[in-house]
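>>> give the three-dimensional model of this entry:
(one chain, ligands or ions: 1)
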Amino acid sequence: MLTSILICISIHSAVGLSESYMYVCICNGITDRDVREAVHAGASDLSQLSAMTGCSTVCGSCGDLALEIMEETRREHFSLPLLAA
Ligand code: FES
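Numbering: from 1, shown residues only. As a prediction, the model looks like this:
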């Protein structure tokens with residue numbers, strides 16, 4: 001049975017802003033931010049994400065989480081606003 005390992009990192013910048021990210025793909029060191037950036041750059045499925053980032057190209061256990069983050073990113077940034085009738 002494969003076990004997903006989620007590692008969250010917080011980085012505090014010199015100007016006091018903090019940024020957190022999560023490793024999605026441990027094999028290749030791909031974070032949720034890398035996945036989101038790939039979606040913004042045009043990745044629309046796991047094979048495109050893999051080609052762009054290397055995510056899910058070794059053991060493959062990160063694929064489901066990567067797809068969830070891709071879908072979440074599309075919902076947040078590419079959905080059309082609802083228009084009132
Ligand atoms: S965790 Fe992504 S390929 Fe292994």
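>>> pull up the pairing partners for the lengthiest strand in the chain, direction included.
In the chain, assigned by DSSP state E, the strand with the most residues is strand 18-25. Note on strand 18-25: by DSSP bridges, its sheet partners are strand 7-12 (antiparallel), strand 30-31 (antiparallel).
>>> so for the lengthiest helix in the chain, mean pLDDT?
Scanning the chain for the helix with the most residues, using DSSP state H, yields helix 63-78. For helix 63-78, mean pLDDT rounds to 94.
>>> and it, C-alpha only, in CSV?
Only the C-alpha atoms of helix 63-78 are listed here, as CSV (Å, rounded to 0.1, in the frame of the first residue of the first chain):
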residue,chain,number,x,y,z
GLY,A,63,-0.5,11.7,-9.4
ASP,A,64,-3.9,11.9,-7.6
LEU,A,65,-2.8,14.8,-5.4
ALA,A,66,-1.3,16.6,-8.4
LEU,A,67,-4.6,16.2,-10.3
GLU,A,68,-6.6,17.6,-7.3
ILE,A,69,-4.4,20.6,-7.2
MET,A,70,-4.7,21.1,-11.0
GLU,A,71,-8.5,21.0,-10.7
GLU,A,72,-8.5,23.3,-7.7
THR,A,73,-6.3,25.8,-9.6
ARG,A,74,-8.6,25.7,-12.7
ARG,A,75,-11.7,26.3,-10.5
GLU,A,76,-10.0,29.2,-8.7
HIS,A,77,-8.6,31.0,-11.7
PHE,A,78,-10.3,29.9,-14.9
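>>> now the weakest link among the strands paired with strand 18-25, please, by mean pLDDT.
Lowest mean pLDDT within the strands paired with strand 18-25: strand 7-12, at a mean of 63.
>>> is it correct that residue 70 is in contact with residue 42?
No - using CB atoms under 8 Å as the test, residue 70 is too far from residue 42 to be in contact (11.5 Å). For every residue, glycine as well, the C-beta is placed using N, CA and C.
>>> between those two, who's got more neighbours?
Using other CB atoms under 10 Å as the criterion, residue 70 and residue 42 rank with residue 70 on top: 21 against 8.
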